[in-house]
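Asker: Sharing a model prediction with you, sequence too.
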Amino acid sequence: MLRSMYAGVSGMKGFQTKLDVIGNNISNVNTIGYKKSTINFQDLLSQNMSGGGANPMQVGLGSSTGAINVNHNAGSSMTTGVGTDLAMMGDGFFIVQDPEAAGQDGQYLTRAGNFTVTEDGRLVTSQGYNVLGFPAGGGAAAPITIDQGTYNSFSINRTGEVTGKEPNGDETVLFNLAISNPENPTGLSKFGGSLYEMTGLASADGINPQTVAGANTSVASGMLEMSNVDLTEEFTEMIIAQRGFQANSRTITTSDEILQEVVNLKR
């Protein structure tokens, strides 16, 4: 069989994967905190036709997916006016934890700051995961909880301080938001639900909770970070993927026509 036919098949598979990535990006164009993915290709093995002469004679055997990376550039901010909606104004991720987990188990990272308060005063994600913070009195990161019997409201400032307000007007700092700022956020693993799992590729120190001020960043209350998907770019890449797929399919049909001519030599 002709090598060009197998090269065309590998190219079609690659561009199909590219379309899958683009389709997922477009489907999440309005997802809070979503980070788009990009795909890169690389060539496969090359067959040596001859090793003599000035330069080696090689024929490539197609292409394959080299990498699918997540672009962690910040998305645009949308003003909501809701005090529990938070947007990270810089690098870093909010740390949330499965309410059924204990210790440091079940912890995830997210840029989606559409948080709410439960009936027992816990600050949680839309899936019910606890948002973690450092207690004002010191100690390890723990679920942020507002005593509803003592404080009738609370606020979160740019440095991540959670301040409770009593009915008489007295204010007390209760928690400092805990965030994580991995050295290589592209190495995080998507868990689903706008959550990321920490991996050794993202940070050698694990989640490593720290305060907003300690991470040299800030948060905005009453705002949400939207998706960083650019529809213009995605549709342009879709056209490129479509034409690439068509070109590789034409390689296969042309190779088939050549094989048909070879078969027809014997009549």
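Answerer: Looks like it arrived, so ask away.

Asker: can you give me the helices in the stretch 151-267 of the chain?
Answerer: 231-263 (DSSP state H, counting those that start in this stretch).

Asker: Where does pLDDT dip in it?
Answerer: 267 (pLDDT under 70).

Asker: rerun that using 80 as the cut-off
Answerer: The stretch 151-267 of the chain contains residues with pLDDT under 80 at 266-267.

Asker: Strands along that one, start to end?
Answerer: Secondary structure of the stretch 151-267 of the chain, counting by DSSP state E, counting those that start in this stretch: strands at 153-156, 161-165, 171-180, 189-192, 195-197, 210-211, 219-221, 223-225.

Asker: Make CSV from the ones you listed and add mean neighbour count and distance to Gln260 to it.
Answerer: C-betas here are computed from N, CA, C, even on glycine. Rendered in CSV, the data for the strands of the stretch 151-267 of the chain read as follows (neighbours: other CB atoms under 10 Å; distance: least, CB to CB, whole Å):
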stretch, mean neighbour count, distance to Gln260
strand 153-156, 18, 70
strand 161-165, 19, 73
strand 171-180, 22, 60
strand 189-192, 12, 46
strand 195-197, 20, 51
strand 210-211, 19, 66
strand 219-221, 19, 65
strand 223-225, 22, 56
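
Asker: Turn those into CSV, including distance to Val262.
Answerer: Conversion of those to CSV gives the following (distance: least, CB to CB, whole Å):
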stretch, distance to Val262
strand 153-156, 73
strand 161-165, 75
strand 171-180, 61
strand 189-192, 48
strand 195-197, 53
strand 210-211, 67
strand 219-221, 67
strand 223-225, 59
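
Asker: closest to Leu86 out of these?
Answerer: strand 219-221 (5.1 Å; CB to CB).

Asker: So which elements touch that closest one?
Answerer: Secondary-structure packing of strand 219-221 (3 or more CB pairs under 8 Å, 6 or more residues apart in numbering; DSSP states H and E): strand 86-88, strand 153-156.

Asker: quick one: which of those strands is nearest Gly200?
Answerer: strand 86-88 (23.2 Å).

Asker: Residues in contact with stretch 126-133: which ones?
Answerer: 94-99, 107-108, 112, 114-116, 118, 122-125, 141-144, 160, 162, 175-178, 193, 195, 209 (CB atoms under 8 Å, 6 or more residues apart in numbering).

Asker: from those, which would you call buried?
Answerer: Among these, the ones that count as buried by 16 or more other CB atoms under 10 Å are 94-97, 107-108, 112, 114-115, 122-125, 141, 143-144, 160, 162, 175-178, 195, 209.

Asker: Mind jotting down where the helices sit in the stretch 1-150 of the chain?
Answerer: So, for the stretch 1-150 of the chain - with DSSP H, counting those that start in this stretch - the helices run 3-27.

Asker: Mind listing what's buried along stretch 5-24?
Answerer: So, applying 16+ other CB under 10 Å, buried residues of stretch 5-24: 5-8, 10-15, 17-19, 21-22.

Asker: An error on my part: the question was meant for stretch 98-107.
Answerer: Gln107.

Asker: Quick one: end-to-end distance for that stretch.
Answerer: Using CA to CA, to the nearest Å, the end-to-end distance of stretch 98-107 comes to 7 Å.

Asker: go on, stretch 172-190?
Answerer: Stretch 172-190: ends 36 Å apart by CA to CA.

Asker: now stretch 99-106
Answerer: 8 Å.

Asker: which residues touch it?
Answerer: 97-98, 107, 124, 128-130, 143, 207.

Asker: Please tell me how far the residue nearest to Phe41 when sequence neighbours are not counted sits from Asn71.
Answerer: For Phe41, ignoring the flanking residues on the chain, the nearest one in space by CB to CB, 6 or more residues apart in numbering is Ser63 at 5.0 Å. Going from Ser63 to Asn71 by CB to CB, to the nearest Å gives 22 Å.

Asker: picking up where we left off before, which of the buried residues of stretch 5-24 lies at the shortest distance from Glu171?
Answerer: Val21 (47.4 Å).
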